[in-house]
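> Here is the input, now give the coordinates:
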Amino acid sequence: MNHFSAGMVREFLLDFVEERLMVCGISAAEVNDDFDLLVSGVIDSLAFLEMTVVLQEQFEVELDFDEIDPVQLSIVGSLCHYVSSLKLKGLA
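Residues are numbered from 1 along each chain as shown. Just a heads-up that it's a prediction; the model follows:
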């Protein structure tokens, strides 16, 4: 995928966790940029790993856990902006 925005990453991410959100009684519309998927219980540590792998594959990027605070990777807005910024770096 050559060009994508944080919004596109967000849409993909929310589709990925949609069933988990429903189990927790949360609709995708309720998820704001500050929503923490891990702290809220939507994902666990195994699902977090699965999520990072799927994002890397879908958007053809490599998440660098030394570059960003891993805590920020479970927060929807931070994660989406980080993933979209990786593609921009790759184009530079």
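> contacts and neighbour counts: CA atoms only from here.
OK.
> Does anything pack onto the helix or strand bottoming out on mean pLDDT in the chain? Which helices or strands?
Every helix and strand of the chain was ranked by mean pLDDT, DSSP states H and E. The lowest is helix 76-91, at a mean of 84. Judged by 3 or more C-alpha pairs under 8 Å, 6 or more residues apart in numbering; DSSP states H and E, the packing partners of helix 76-91 are helix 6-16, helix 45-59.
> could you point out which element follows the shortest one?
What that stands for is helix 6-16. Reading on from helix 6-16 to the C-terminus, the next helix or strand found by DSSP states H and E is helix 18-23.
> Neighbours of Asp33, how many?
Look at Asp33: counted by other C-alpha atoms under 10 Å, it has 14 neighbours.
> got it, and the one 10 residues further on?
By the criterion of other C-alpha under 10 Å, Ile43 has 20 neighbours.
> go on, the one 4 residues further on?
Neighbourhood size, Ala47 [other C-alpha under 10 Å]: 15.
> Phe16 too?
Neighbours around Phe16, by other C-alpha under 10 Å: 14.
> Now do it against Ile43, distance only.
Separation of Phe16 from Ile43 (C-alpha to C-alpha, to the nearest Å) stands at 11 Å.
> what does Gln72 give?
14 Å.
> same question, Val54
As for Val54, its distance to Ile43 is 14 Å (criterion: C-alpha to C-alpha).
> coming back round to it: tell me the buried residues in the least confident helix or strand of the chain?
Of the residues in helix 76-91, 76-87 count as buried by neighbour count, 16 or more other C-alpha atoms under 10 Å.
> same deal with stretch 40-54?
Quick answer for stretch 40-54 (16+ other C-alpha under 10 Å): 42-43, 48, 51-52.
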